[in-house]
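Peer 1: Here is my input; please provide its structure:
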Amino acid sequence: MAWSSPDDLRAQVQKRWDRGELLAALVAGHAAVDTPPLAFPWRLRVVAPSSSELAQRFAEARIWAHSLRAGAGHYRLEERELRHREVGQHSLPEAAWVDSLDAALALIGKTADARRFAVLVANTAGQQPLLLPWLARRPLQALALAAAWPRMLAVVAWLQAHPRPGIYLRQMDLPGVDTKFTEAHRGVLTELLDLALPRQSVHAAATGVGQFARRYGFADKPLRIRLRWLGAAARAPWGAGMEDITLTQAAFEALNPPVRRVFITENEINFLALPPVADSLVVFGAGYGFEVLAGAAWLQQCTVHYWGDIDTHG
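Peer 2: Residues are numbered from 1 along each chain as shown. Below you'll find the predicted structure:
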C-alpha cells in the first residue's frame with residue numbers, strides 16, 4: 001500500500017466538502033436548523049511505513065516524512081518514536097489532525113467559497129430563516145446559485161405578501177425576475193416556497209415543474225385539448241368537415257357531444273390514424289394525464305378506451 005502523501009490528506013477533507021459537510025457546518029447553530037456542528041479536531045488517516053519497509057527503504061521513508069511535515073501548514077501531525085535495531089531511533093508521522101473548520105477549508109482551497117456561502121446564510125437568516133434547513137441540506141447547490149439567490153429570496157417574500165396572486169408569472173413585478181428566471185429555477189423555487197409558505201397557499205395536488213404556476217396560484221395559460229371526430233365528416237358536431245379541432249379545457253368540459261365511445265391516445269400518429277368509428281371521437285392525451293379530463297362530466301356517459309404505453313405515465 002502506498003504511503004500517505006499531503007495530497008491524500010487533502011483528498012480526505014475534499015470528500016467531506018463534496019458531501020456538503022463543511023458548508024453545512026456554517027448553517028448549524030441557527031435556531032431553524034437541526035444540523036449539529038462539526039466536531040474538531042478531525043483525525044485523518046495516515047498510511048506510514050511498516051517496520052520492515054523502514055529497514056528496506058529507509059531513505060525513501062525519510063523523504064516521505066519530510067514531505068508530510070513540509071505540507072503541515074493546515075494539518076497537525078502526530079508522530080511516534082520508533083526504535084529499530086537496524087536504523088536506530090527515529091520519529092515518524094502516525095496521524096494527522098485538522099483542528100478547525102477554517103483549517104479544513106484552507107487545506108483544500110475553499111476559504112473564498114465558504115465566505116460566499118456564509119454571506120448567503122447570513123442574508124437568508126435575516127430575510128427568510130425558514131429556508132435555512134434547505135441550505136443545510138443542499139449547501140453546494142446553494143453555493144452554485146449564489147448569484148441568483150437574492151432574486152429567489154425576493155420571489156419567496158413576494159409570494160408571502162401576495163399569496164395565490166391569480167396573475168401570470170411574467171406579471172410578477174420584481175427586478176431581474178422574468179419568465180426565463182422562474183422557468184430556469186422552478187425546481188429549487190418549489191422546494192423553497194413549500195418551506196416558506198403556509199399550507200393553504202400551496203395547491204399540493206399540483207406537482208412537477210410543469211404545474212408550478214397552478215401550485216402557487218398563478219394564472220396559467222389555458223390548457224388546450226385536441227380531439228378528432230371519428231364519424232362521418234359531414235356530421236361532425238362542431239361543424240361539417242371539421243373533424244380535427246383544439247379546444248380549451250373549459251370548452252372541452254362544456255362540449256357534451258353526441259358520442260358513445262371516446263378513445264384517448266398518447267401517440268399523435270395513433271390519434272391521426274384511427275379509422276372511422278360511428279358515434280365516436282378520439283382525444284390526443286399529449287401526456288397531460290386524466291386529471292385534465294376529469295371535469296368533463298359527459299365522459300361518464302361514454303365508454304372510454306385508453307391507448308398508451310406501459311410505463312409509469314401510461
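
Peer 1: can you tell me how far the residue lying closest to T111 once chain neighbours are set aside sits from L174?
Peer 2: The shortest distance from T111 to any non-neighbouring residue, by C-beta to C-beta, 6 or more residues apart in numbering, is to L105 (4.8 Å). Bear in mind the C-beta positions are built from the backbone N, C-alpha and C, glycine included. Using C-beta to C-beta, to the nearest Å, one obtains 34 Å as the distance from L105 to L174.

Peer 1: before we move on, what about Q56?
Peer 2: With distances taken as C-beta to C-beta, Q56 is found 69 Å from L174.

Peer 1: where in the chain is pLDDT low?
Peer 2: For the chain, the stretches with pLDDT under 70 are 1, 31, 82-89, 286-291, 309-314.

Peer 1: That one: strands as residue ranges?
Peer 2: Listed in chain order, the strands of the chain (DSSP state E) span 42-44, 76-84, 88-98, 224-229, 244-248, 261-265, 280-284, 303-307.

Peer 1: I'd like those laid out as TSV, including mean neighbour count.
Peer 2: Rendered in TSV, the data for those read as follows (neighbours: other C-beta atoms under 10 Å):
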stretch	mean neighbour count
strand 42-44	17
strand 76-84	13
strand 88-98	16
strand 224-229	20
strand 244-248	14
strand 261-265	20
strand 280-284	22
strand 303-307	13
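
Peer 1: can I get those strands in TSV with distance to R164?
Peer 2: Rendered in TSV, the data for the strands of the chain read as follows (distance: least, C-beta to C-beta, whole Å):
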stretch	distance to R164
strand 42-44	48
strand 76-84	56
strand 88-98	49
strand 224-229	24
strand 244-248	21
strand 261-265	31
strand 280-284	30
strand 303-307	33
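
Peer 1: which stretch among the ones you listed comes nearest K110?
Peer 2: strand 88-98 (12.8 Å; C-beta to C-beta).

Peer 1: Identify all contacting residues around the closest one.
Peer 2: Strand 88-98 is contacted from outside by 4, 9, 13, 40-46, 48-49, 54, 61, 65, 68-69, 72, 74-84, 104, 107, using C-beta atoms under 8 Å, 6 or more residues apart in numbering.

Peer 1: make it 6 Å
Peer 2: Strand 88-98 has contacts (C-beta atoms under 6 Å, 6 or more residues apart in numbering) with 9, 41-44, 46, 48, 65, 68, 75-83, 104.

Peer 1: quick one, helices of the stretch 151-300 of the chain?
Peer 2: The residue ranges that make up the helices of the stretch 151-300 of the chain, judged by DSSP state H, counting those that start in this stretch, are 179-184, 186-196, 212-215, 249-253, 268-273.

Peer 1: out of those, deepest packed?
Peer 2: Comparing these by mean neighbour count (mean count of other C-beta atoms under 10 Å), helix 212-215 comes out on top with a mean of 19.

Peer 1: So which other helices or strands are in contact with that helix?
Peer 2: Here helix 212-215 is seen to pack against no other helix or strand when contacts are counted using 3 or more C-beta pairs under 6 Å, 6 or more residues apart in numbering; DSSP states H and E.

Peer 1: can I get the helices of the stretch 151-300 of the chain in a markdown table with distance to P163?
Peer 2: As requested, these are exported to a markdown table (distance: least, C-beta to C-beta, whole Å):
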| stretch | distance to P163 |
| --- | --- |
| helix 179-184 | 17 |
| helix 186-196 | 10 |
| helix 212-215 | 12 |
| helix 249-253 | 24 |
| helix 268-273 | 39 |
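
Peer 1: can you count the residues close to A142?
Peer 2: By the measure other C-beta atoms under 10 Å, the count of residues near A142 is 24.

Peer 1: mind listing what it touches?
Peer 2: Taking C-beta under 6 Å, 6+ apart as the test, what A142 contacts is L135.

Peer 1: before we move on, what about A136?
Peer 2: If a contact means C-beta under 6 Å, 6+ apart, then A136 has A24, V27, V33, T35 as its contacts.

Peer 1: Quick check: the last one touching A28?
Peer 2: It stands for T35. Yes - counting by C-beta atoms under 6 Å, A28 is a contact partner of T35 at 4.5 Å.

Peer 1: in stretch 123-141, what counts as buried?
Peer 2: For stretch 123-141, a neighbour-count test (16 or more other C-beta atoms under 10 Å) marks T124, A125, Q128, L131, L132, P133, W134, L135, A136, R138, P139, L140 as buried.

Peer 1: ok, so what distance separates the third one from L195?
Peer 2: Going from Q128 to L195 by C-beta to C-beta gives 9 Å.

Peer 1: Which of T35 and A28 has more residues huddled nearby?
Peer 2: A count of neighbours by other C-beta under 10 Å puts T35 above the other of T35 and A28, at 19 against 14.
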